[in-house]
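Enquirer: coords please:
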Amino acid sequence: MADLSKNDEAVAAANEEALVAAIDAPVERGEPILQVRGLKKHFPLTQGILFKKQVGAVKAVDGVSFDLYQGETLGIVGESGCGKSTVAKLLMNLERATAGEVFYKGQDITKLSGRALKAVRRNIQMVFQDPYTSLNPRMTVGDIIGEPFDIHPEVAPKGDRRRKVQELLDVVGLNPEYINRYPHQFSGGQRQRIGIARGLALNPEIIICDEPVSALDVSVQAQVINLMEKLQDEFNLSYLFIAHDLSIVRHISDRVGVMYLGKMAEIGTDSEIYEHPTHPYTQALLSAVPVPDPEARAHRERIILTGDVPSPANPPSGCSFRTRCWKAQEKCAQEVPLLAVPSVFKGQDTPAAHFSACHFAEEKQVVPAH
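Expert: Residues are numbered from 1 along each chain as shown. A predicted model of the protein is given here:
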């Protein structure tokens, strides 16, 4: 029995080594580096104090699917509470998925643990929304940026850490001599640069950006976005860029996904989404984007949605957007629309096609009268 146990341990260790090797291997050109399929996160609702009973669930993420390719930026937009940030936490395994799969280089990372999960987290890093609370005020900049090396010492041995941290400060446009300063000695934009340097420390392939510029002034936002684009070209990074500002997302993204009430409503290239939206929710969002040209603004019709966003604890049957949609029909209440390629985009010979989750995406885009 002892020999059998040792053999099982050896097999498990060999399997883990194989997983780590697959995770660290380069991705084939033109292949997705990240594939998300049917991702769900439902938070249980309970009643009672001593004897808790589940009476429902908040469907924060309810069947999201998308691909992310090497070197591209996929923007995810939507109203507050639509599930964007929960998706980010699920991809980082900071929250465990209720259902669905997340394939990183062909490995389902929702089921990983131990060294394999540690390797994934080395290759997928995160930049947080608020640069004021995401940095420990009691740690120096050098300690903050160098902290990932405590978990992954193979990336930067102790004797080489100071040089590595100073290189990272230089890469993000900060003076390397600032290494011994504390976060309160920096502006908001500089703090976000420190957060980006920390995200770059382990040489990741993917960086998940959870509204990284929403807490910054408009002038500083442009500087940070330009820096991120420069770093993407330099290090061949893939970005998942989460935001609610459509103009920023268009500036930085190659493709855009629009989320509504925990689901993906539409996804396509930035030009297709912004110039030829097919989902009524996307059309409503874009109609509210400010237009600098007065003549174009005068001829554009504004779509004002009626009603409130339904509760994710009690979403509508069928299409989740139907209660606010001017194209809704009986079919919308009975059938959940699947992400499919509208006829106007069929025949595209691209791996990143345009998808829309609407039963009547082909219909003439009639704007409701207001």
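Enquirer: Quick check: Leu339 vs Glu266, distance?
Expert: Per C-beta to C-beta, to the nearest Å, Leu339 is found 8 Å from Glu266. Using the backbone N, CA and C atoms, a C-beta is placed for each residue, glycine as well.
Enquirer: Give the buried residues for stretch 253-271.
Expert: Within stretch 253-271, the residues scored as buried using 16 or more other C-beta atoms under 10 Å are 253-270.
Enquirer: Just the terminal-to-terminal distance for it.
Expert: Taking C-alpha to C-alpha, to the nearest Å, the first and last residues of stretch 253-271 lie 10 Å apart.
Enquirer: So which bits of stretch 78-86 are buried?
Expert: 78, 82-86.
Enquirer: for stretch 238-258, same thing?
Expert: 238-246, 248-258.
Enquirer: do the same with stretch 109-126
Expert: Applying 16+ other C-beta under 10 Å to stretch 109-126 flags 109-110, 112, 116-117, 119-126 as buried.
Enquirer: Of these, just say which sits nearest to Asp62.
Expert: Ranked by distance to Asp62 (C-beta to C-beta), the buried residues of stretch 109-126 are led by Thr110 at 15.9 Å.
Enquirer: The closest one falls within a helix, correct?
Expert: Yes - the assignment for Thr110 by DSSP: H, G, I helix; E, B strand; the rest coil puts it in a helix.
Enquirer: So the residue positioned nearest the centre of the chain: helix, strand or coil?
Expert: Centroid-nearest residue in the chain: Leu240, 4.2 Å away (criterion: C-alpha atoms, centre = their mean). The three-state label given to Leu240 by three-state DSSP is strand.
Enquirer: so which helix or strand takes in the residue nearest to it when sequence neighbours are not counted?
Expert: Take Leu240 and drop its neighbours on the chain: the residue closest to it by C-beta to C-beta, 6 or more residues apart in numbering is Ile208, 4.7 Å away. Using DSSP states H and E, the element containing Ile208 is strand 206-210.
Enquirer: rewinding a little: contacts only, for the residue nearest to the centre of the chain.
Expert: 34, 68, 73-74, 76, 88, 91, 206-209 (C-beta atoms under 8 Å, 6 or more residues apart in numbering).
Enquirer: any idea which of these has the most stuff around it?
Expert: Note: the member of these with the most neighbours is Ile76, at 29 neighbours, neighbours being other C-beta atoms under 10 Å.
Enquirer: and which of the buried residues of stretch 109-126 is nearest Cys325?
Expert: Using C-beta to C-beta, those come closest to Cys325 at Thr110, 32.2 Å.
Enquirer: Wait, the closest one touches Leu91, no?
Expert: No - assessed by C-beta atoms under 8 Å, Thr110 is found out of contact with Leu91, at 9.4 Å.
Enquirer: For those two, list the residues in contact with both.
Expert: Common neighbours of Thr110 and Leu91 (C-beta under 8 Å, 6+ apart) are Val102.
Enquirer: And stretch 185-204, what's buried?
Expert: Neighbour counts over stretch 185-204 (16+ other C-beta under 10 Å) mark 186, 188-202, 204 as buried.
Enquirer: What would that stretch look like as PDB? C-alpha coordinates only.
Expert: Extracted C-alpha coordinates of stretch 185-204, given in PDB (Å, rounded to 0.1, in the frame of the first residue of the first chain):
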ATOM      1  CA  GLN A 185       3.900  61.200  -1.900                       C
ATOM      2  CA  PHE A 186       2.500  60.600  -5.400                       C
ATOM      3  CA  SER A 187      -0.400  61.900  -7.400                       C
ATOM      4  CA  GLY A 188      -3.300  59.700  -8.600                       C
ATOM      5  CA  GLY A 189      -1.800  59.200 -12.000                       C
ATOM      6  CA  GLN A 190       1.600  58.300 -10.600                       C
ATOM      7  CA  ARG A 191       0.000  55.800  -8.200                       C
ATOM      8  CA  GLN A 192      -1.700  54.100 -11.100                       C
ATOM      9  CA  ARG A 193       1.700  53.900 -12.900                       C
ATOM     10  CA  ILE A 194       3.000  52.100  -9.700                       C
ATOM     11  CA  GLY A 195       0.100  49.700  -9.900                       C
ATOM     12  CA  ILE A 196       0.900  49.000 -13.600                       C
ATOM     13  CA  ALA A 197       4.500  48.500 -12.700                       C
ATOM     14  CA  ARG A 198       3.400  45.900 -10.000                       C
ATOM     15  CA  GLY A 199       1.300  44.200 -12.600                       C
ATOM     16  CA  LEU A 200       4.300  44.000 -15.000                       C
ATOM     17  CA  ALA A 201       6.700  42.700 -12.300                       C
ATOM     18  CA  LEU A 202       6.200  39.000 -13.100                       C
ATOM     19  CA  ASN A 203       6.300  39.400 -16.900                       C
ATOM     20  CA  PRO A 204       2.700  38.400 -17.500                       C
END
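Enquirer: Which residue ranges of the stretch 151-300 of the chain form strands?
Expert: Here the stretch 151-300 of the chain has its strands, by DSSP state E, counting those that start in this stretch, at 206-210, 238-242, 255-260, 263-269.
Enquirer: any residues in contact with both of Leu339 and Glu266?
Expert: 355-357.
Enquirer: could I get the contacts of Leu240 as CSV with pLDDT?
Expert: CSV is the format used below for these (pLDDT from 0 to 100):
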residue, pLDDT
Leu34, 95
Leu68, 95
Thr73, 95
Leu74, 96
Ile76, 96
Ala88, 94
Leu91, 94
Ile206, 96
Ile207, 96
Ile208, 96
Cys209, 95
